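In: Just need the structure, nothing else, for what follows:
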Amino acid sequence: MLSTATDPASLTIAEVQAEDLPLVLDDLAGVLHASVLDGASVGFVLPFAIDEARGFWQGLEPAFRSGARRLLVARLEGRVVGTVQLVLGMPANGIHRAEIAKLLVHPAARRRGIARMLMVAAEALARRHDRSLLLLDTRRGDSAEGLYESLGFRLFGIVPGHARSTTGVLEDTSYMLKQLA
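Out: Residues are numbered from 1 along each chain as shown. As a prediction, the model looks like this:
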């Protein structure tokens, strides 16, 4: 269990290379599993087993290895408690943009600014890759929407009934963008 206080010195954000994925696989699976069980709308419905979470991360290994996706993790007290992906693999006419995917913070580590720090790091990584536009989607009305707006993202569309919640209910999705240039 994580302590309730966050010592800034004990929190780190770092990129994980594909060859290091096995070293963090169990932690990543735990974060995803706990997030989905807590209701995160990130592409999975209940029931959702830890082995499915592990398989999700293993399935992304080729994209991490090719550089089409980059993986950032937040570690607190040495454990991975949060993650975000930056999708860089775009067609030739979209090489100026990147997508934010699967911003997750373990429910036991929330309300400490970890999601914000992950997003700031993802934006810095996008800039290092000469991207001038960031895109993301989130469940309409979710608390993440406010976080993204506070970071300069703006809503550009809503798709009614776009995705199923963890319990199978159709929910609206907000599409947001941020221009970096």
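In: Can you measure across stretch 91-107, start residue to end residue?
Out: Counting by C-alpha to C-alpha, to the nearest Å, the length from the leading to the trailing residue of stretch 91-107 is 35 Å.
In: average pLDDT for it?
Out: Confidence over stretch 91-107, taken as the mean pLDDT, stands at 98.
In: buried set for that stretch?
Out: Neighbour counts over stretch 91-107 (16 or more other C-beta atoms under 10 Å) mark 97-106 as buried. (Glycine included, C-beta is placed from N, CA and C.)
In: could I have the helix ranked longest in the chain exported to CSV, CA atoms only?
Out: Of all the segments of type helix in the chain, defined by DSSP state H, the longest one is helix 21-37. Extracted in CSV, the C-alpha atoms of helix 21-37 (Å, rounded to 0.1, in the frame of the first residue of the first chain):
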residue,chain,number,x,y,z
LEU,A,21,8.8,-3.5,-20.4
PRO,A,22,9.1,-6.9,-18.7
LEU,A,23,10.6,-5.2,-15.6
VAL,A,24,7.4,-3.0,-15.2
LEU,A,25,4.8,-5.3,-16.7
ASP,A,26,3.3,-6.5,-13.4
ASP,A,27,3.1,-2.9,-12.1
LEU,A,28,1.5,-1.6,-15.4
ALA,A,29,-1.0,-4.5,-15.4
GLY,A,30,-1.9,-3.6,-11.8
VAL,A,31,-2.4,0.1,-12.6
LEU,A,32,-4.6,-0.8,-15.6
HIS,A,33,-6.5,-3.5,-13.7
ALA,A,34,-7.2,-1.3,-10.7
SER,A,35,-8.2,1.7,-12.9
VAL,A,36,-10.7,-0.4,-14.9
LEU,A,37,-12.2,-1.9,-11.7
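In: which other helices and strands contact it?
Out: The criterion is 3 or more C-beta pairs under 8 Å, 6 or more residues apart in numbering; DSSP states H and E, and the helices and strands that helix 21-37 contacts are helix 50-59, strand 69-76, strand 79-87, strand 97-105.
In: Asp38 is nearest to which of the ones you listed?
Out: Of all the helices and strands packed on helix 21-37, the one in closest proximity to Asp38, counting by C-beta to C-beta, is strand 97-105 (10.0 Å).
In: ok, residues contacting the longest helix of the chain?
Out: Outside of helix 21-37, the residues that reach it under the criterion C-beta atoms under 8 Å, 6 or more residues apart in numbering are 16, 42, 44, 46, 48-50, 53-54, 56-58, 61, 64, 71, 73, 79-83, 102, 104-108, 166.
In: Flag every buried residue along that helix.
Out: Of the residues in helix 21-37, those buried under the neighbour-count criterion (16+ other C-beta under 10 Å) are 21, 24-25, 27-37.
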